[in-house]
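> Sharing a model that was predicted from the sequence below.
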Amino acid sequence: MAKKKWRGRKLGSCLAVAVLSAGLLGASGATTAAYADVQVLESAVTAVDGKRYWVRNHLVPDLATKSDGERKKWLLVWAGDENIADTVVKDVKNLPGTIAGGLNKVKNALPGPDFLAVIDATEGSPSYGKVVNTATVGPLVENEPHHMQYVWHKGDTVYAGALFAAVTYAFDVSELPKIKLKGVSLPTQTLGGSVPDAYWTLKDGTTYGTYMGGPVVPGPYTYKNGQTVIGNGFAGSPGALIRFDRNGKVLSETSAATPQGDNAKICENLPTLGKPTCANPHGIQAREDLNTLVTSDYAEPRNIILDPVKQPSPYLRRPTVRTWDISDRNNPKLRAVSYLPEGPRAKDYDPLFSENRAVMEVTVTNLPGHKGAFAQTMQGGAVFYTPDITAKRPRWTQVFDDGAAAGKIFPGNDAIGASSNGGWIQTSPDDRFLYRAITGRQPKTLGPDDPGSTGGVYVLDISKLVAAGTDFTCKIDTRWESENGGKEDDCPTVAGAAAINPGVSGAGPHWGAYDNFVLDPSSGKYVETQSPTRLAVSNYFVARSGLDGDHKVNIVKLGKDGTATVDRTFRDEFTGQVGVNFNRKSWPHGDFGNAKPHSELFVIAERDLR
């Protein structure tokens, strides 16, 4: 991909700005009274289709510079423009007038640019919580920005996926708050998979990405490694594992399907495939020292993101976890497909809410002496554990139920974990804690009288479980344990919990990231820490699914003992309320209205890292 030159200019004053680096080009844009004199800087590449793709920075000058010599900590939030395309099919009839009339009446109905928001996350800073830059991407709109990698380390490219556009962006964040575009991967470069979900970055700076959907074109598809699969098309099945270089160039594509197919009874596909498959990889994490990667299968994505009127079958949500041998980084080998077990409340509700249903995320342990990993279910509302991801057939056991944490999050919650809508889950770097974000149950999910539940963040102490190795005894096998926690001594226990939107059902966070940086007194620069003291969460899933959220980003403080409290000093610059609200009229890039914040990362500029 050939980079083009860039220049910059200030909006409002129209004064030329200094060239930032070789290849900088001018751009125009809009400014508002809320963000006066915005500085616009554009970074562009030419993609394989011969077209120009860009990231356009909209910097607020008085916020983007250091004050009193402080070194900044930044929170990057990958966000999409809210517009008429977010309307769920069943709600279209409720738009005012006809569809055409509705477009004119619905606020901010036309598509606007999607963007990375750069927020000052430096505690104690006068601009703490303020949006310093919105780096818009183009020319594509309706990307539906989804996930980046889980943790950022010094020198890493930031990889960001476009759920609807089947695009992966590769960003250079070394000069924050400015962002550059290193490369872009288009659907034509990943014909073996669609609907990119999440990324895990390796020590060499490359990354693996999960493409949850099937090959772009229905029918047979042959990968370069010799695999041939028969898929049912874009956003269908089976999905794939993609490896990218530092600039977003595809290094390899590998199907997540098994040659023989998966369990036909619990792995449905629409349209039906000759070899049924649950291979729709969503979550992804790796242990390079063990040459092992783990992915979780969530759902056949077209039934979630492409305007589903009603979920046609609970068996389109997956109960499977896949482990891979990545000894040959460009040729991952599928080692095992594990079916998570049902739990003690599986027969109480619709099969959609069985504990093992919709395995959204996995997270690995980190320390050399540990080989375990955790998996969580979104509709199932449960947490599972295996002590050894290198085993030929890993043994997964339910070790916690979201119902046991619900009352700790908010006293008014019941103890039902079913449909907790949990999303993000992550082990702490020192393997002491497990962080979990849950949206909460929406009203009437389990019946007409179901009040739903308040979502939030909870922290589990997993130290005893991990220390027990393969000899652990914890198992959630009674309804009492589902609601109160496991009876065995090595079961995880709730160390802390915090409600997001207390008392409001189904409006908590979907995603999160921990802050893995602290200021080093000796050098005055940031270094990584094994014990995070805070994390950020965002309240948005996918609007077309009907699980929209209130579009706020919050920071949660973590105590040394795992306690969790919402940071009440992290406030919106316009409303003054706790949490940065992405529902606003104005952004540095213009009056484009509400935006949808899906994922976030704590990142430090190269100059401020030791």
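Cool, the structure landed.

> contacting residues for the residue lying closest to residue 479 once chain neighbours are set aside?
Spatial nearest neighbour of residue 479, chain neighbours left out: residue 344 (5.0 Å); criterion: Cβ to Cβ, 6 or more residues apart in numbering. To be clear about C-beta, it is placed using only N, CA and C from the backbone, and glycine gets the same treatment. Residues counted as contacts of residue 344 (Cβ atoms under 8 Å, 6 or more residues apart in numbering) are 355, 476, 477, 478, 479, 481, 482.

> Not counting the helix or strand that contains residue 374 itself, show me its contacts.
Secondary structure assignment for residue 374, by DSSP states H and E: strand 373-377. Contact with strand 373-377 is made by 283, 285, 294, 296, 319, 321, 340, 355-365, 382-386, 389, 394, 396, 399, 422, 425, 427, 434, 436, 462, as judged by Cβ under 8 Å, 6+ apart.

> Now intersect these with the strands, please.
In this view, the contacts of strand 373-377 that belong to strands under DSSP state E are 283, 285, 294, 296, 321, 359-364, 382-386, 399, 422, 425, 427, 434, 436.

> Contacts only, for residue 420.
378, 381, 402, 403, 406, 438, 439, 440, 441, 453, 455.

> Dump those to TSV, plus secondary structure.
Converted to TSV, the contacts of residue 420 look like this (DSSP: H, G, I helix; E, B strand; the rest coil):
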residue	secondary structure
378	coil
381	coil
402	coil
403	helix
406	helix
438	strand
439	coil
440	coil
441	coil
453	coil
455	coil
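
> For ChimeraX, write the selection for the buried entries among those.
Buried subset of those, written as a ChimeraX selection, criterion 16 or more other Cβ atoms under 10 Å:
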select :378,381,402,403,406,438,439,440,441,453,455
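
> Residue 488 - how many residues pack around it?
By the measure other Cβ atoms under 10 Å, the count of residues near residue 488 is 17.

> again with residue 606
12.

> shift numbering so it begins at 773
Let's use 773 as the start, then, which means that last one is residue 1378.

> can you pull the contacts of the closest residue to it other than its chain neighbours?
Excluding its sequence neighbours, the residue lying closest to residue 1378 (Cβ to Cβ, 6+ apart) is residue 946, at 4.1 Å. Counting by Cβ under 8 Å, 6+ apart, residue 946 touches 927, 1377, 1378.

> now the strands for the stretch 923-1072 of the chain?
930-934, 939-944, 952-957, 966-973, 979-985, 991-994, 1000-1003, 1012-1016, 1022-1027, 1053-1059, 1064-1069 (DSSP state E, counting those that start in this stretch).

> What's the mean pLDDT across the fourth one?
Regarding strand 966-973, the rounded mean pLDDT is 98.

> Work out the gap between that strand and the centre of the chain.
Put simply, strand 966-973 sits 9 Å off its chain's centre (Cα atoms, centre = their mean, to the nearest Å).

> Please apply the same query to the third one.
The chain centroid and the centroid of strand 952-957 are separated by 19 Å, computed with Cα atoms, centre = their mean.
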